[in-house]
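In: Generate coordinates for the sequence data below:
(one chain, ligands or ions: 2)
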Amino acid sequence: THSTRPQRLLSAVQKNATRGDPSSVVKAIDQFCRQKEWAMNVGDEKGCILDLVVSEVNPTFVLELGTYCGYSTVRIARLLPPHAKVITLEFNPDFAAIAHQVIAWAGLEDKVHLIVGASGDWIPKMKEQFGLNSFDLVFLDHWKDRYLPDTKLMEECGLLRQGSILLADNVICPGAPDYLDYVRRSSQYESQYFKSHLEYTKVEDGLEKSIFLG
Ligand SMILES: Cn1cnc(CNC(=O)c2cc(-c3ccc(F)cc3)cc(O)c2O)c1
Ligand SMILES: [Mg+2]
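Out: Ligands and ions are numbered 1, 2, ... in the order given. Sure thing, here's the model as predicted:
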């Protein structure tokens with residue numbers, strides 16, 4: 001019986017991190033991915049930029065597209081004020097099952113709502129499901145060819161308000177060229193590129209922060 005990489009990542013968290021201590025969970029995953037097996041978490045270098053943006057926005061409602069093992073979910077949720085929430089969407093049920101346990105180990109279940117399903121199906125249901133008007137921050141880290149259609153869908157569903165922030169991972173590697181072109185050209189967004197590296201490597205990558213101007 002062979003374990004999967006997400007299962008081995010969860011085991012490393014349960015072995016090396018302290019229950020209820022989100023920072024130790026983040027550290028344990030970064031250590032596992034640097035020393036044992038690469039995994040597609042946003043990582044520590046881009047993670048610090050994510051932390052800066054979360055702290056600056058101080059959001060009440062965050063939408064994360066692409067949970068994977070919950071690393072960035074934990075990074076975001078650990079910085080939120082008491083009643084703030086992260087709604088995170090994961091298409092792959094196996095990833096979601098691991099993420100649920102990583103988030104629980106960090107003790108952040110009360111701040112996180114994990115949904116298993118497709119972003120295209122769930123974005124139109126957000127308002128009614130969660131009784132919210134708009135998202136203060138959206139972290140895009142799912143399939144790169146979904147960044148643009150899902151951004152247009154969020155606009156159409158009225159989920160972005162003046163000042164909502166979009167933060168997109170991997171705009172260079174693997175890349176999201178159509179998304180990048182859209183947010184940089186559109187008069188509805190003010191965009192800024194944060195140059196960094198692909199998680200745990202020396203390959204260039206970066207985050208694109210885009211403010212919705214309404
Ligand atoms: C299957 N799946 C479920 N969710 C997703 C969405 N995420 C990605 O695709 C993703 C991919 C990479 C990456 C992979 C191989 C490589 F050589 C270089 C980069 C890095 C990331 O940070 C990512 O977020 C994919
Ligand atoms: Mg990513």
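In: Could you check how many residues crowd around the closest residue to ligand 1 within the chain?
Out: With CB to the nearest ligand atom, the shortest gap between the chain and ligand 1 falls at M40, namely 3.8 Å. To be clear about C-beta, it is placed using only N, CA and C from the backbone, and glycine gets the same treatment. For M40, the neighbour count with other CB atoms under 10 Å is 18.
In: So it, which state does it fall into?
Out: Using DSSP: H, G, I helix; E, B strand; the rest coil as the criterion, the local structure at M40 reads coil.
In: Where does G120 sit, in terms of helix or strand?
Out: helix 119-122 (DSSP states H and E).
In: what about that helix, near ligand 1?
Out: No: interface with ligand 1: helix 119-122 contributes nothing (CB under 6 Å from any ligand atom), its closest point being 10.8 Å away.
In: Same question for the following helix or strand past that helix: list its buried residues.
Out: Heading C-terminal from helix 119-122, the first helix or strand you meet, by DSSP H and E, is helix 126-130. Within helix 126-130, the residues scored as buried using 16 or more other CB atoms under 10 Å are M126.
In: contacting residues around Q7?
Out: Shown here is Q7, whose contacts under the criterion CB atoms under 8 Å, 6 or more residues apart in numbering are I98.
In: ok, the residue of the chain closest to ligand 1 touching T67?
Out: No: with contact defined as CB atoms under 8 Å, M40 does not count as touching T67 (11.5 Å).
In: What strands line up against the helix or strand where I87 lies, and which way round?
Out: Taking DSSP H and E as the definition, one finds I87 inside strand 85-90. Neighbouring strands of strand 85-90 in its sheet, by DSSP bridges, are strand 61-65 (parallel), strand 112-116 (parallel).
In: Please save the CA atoms from it in PDB.
Out: Output in PDB follows, covering the C-alpha atoms of strand 85-90 (Å, rounded to 0.1, in the frame of the first residue of the first chain):
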ATOM      1  CA  LYS A  85     -13.400  33.700   7.600                       C
ATOM      2  CA  VAL A  86     -11.500  32.000   4.800                       C
ATOM      3  CA  ILE A  87     -13.700  30.100   2.300                       C
ATOM      4  CA  THR A  88     -11.400  27.800   0.400                       C
ATOM      5  CA  LEU A  89     -12.400  25.700  -2.700                       C
ATOM      6  CA  GLU A  90     -10.700  22.500  -3.700                       C
END
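In: Now do that strand: distance to the chain's middle.
Out: On the basis of CA atoms, centre = their mean, to the nearest Å, the separation between the geometric centre of strand 85-90 and that of its chain is 8 Å.
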